[in-house]
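Visitor: Provided below for reference: sequence and predicted model.
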Amino acid sequence: MIPEFRQSERETTIADAASSEGKSPEERMAMFADLLTTIDVIWANLTPEERERRIRISEELDRRPDPWWRRLRPEVIPKP
């Protein structure tokens, strides 16, 4: 059995940020540009139907939810 490894959101954020520690602003900007290039490559390889499906899903997400962990916009939450 593989042991379960869990990190808190804080630990995950710290680990992700560690890759940019000590880098110059130019190096950090290059990392961001590489990320945007990666996203473009991923989207370019999706079918039009899959792109549309993902856009529909993203439209159902609330960009600034309250509480923070609730991501669905109130109008798309299923009624009991």
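Guide: Yep, that arrived. These figures come from a predicted structure and were not determined experimentally. Numbers count the residues shown, from 1 in each chain.

Visitor: residues near residue 62, how many?
Guide: The number of residues packed near residue 62 is 14, by other Cβ atoms under 10 Å. (Glycine included, C-beta is placed from N, CA and C.)

Visitor: need the contact list for the closest residue to it other than its chain neighbours.
Guide: Once flanking residues are discounted, residue 62 sits nearest to residue 73: 4.5 Å by Cβ to Cβ, 6 or more residues apart in numbering. Residues in contact with residue 73 (Cβ atoms under 8 Å, 6 or more residues apart in numbering) are 60-62.

Visitor: mind putting these in CSV, distance to residue 46 included?
Guide: Converted to CSV, the contacts of residue 73 look like this (distance: Cβ to Cβ, whole Å):
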residue, distance to residue 46
60, 18
61, 18
62, 24
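
Visitor: hang on, the earlier thing: separation between the residue nearest to residue 62 and residue 79?
Guide: Between residue 73 and residue 79 the distance is 14 Å, computed by Cβ to Cβ, to the nearest Å.

Visitor: what of residue 20?
Guide: The gap separating residue 20 from residue 79 is 43 Å, by Cβ to Cβ.
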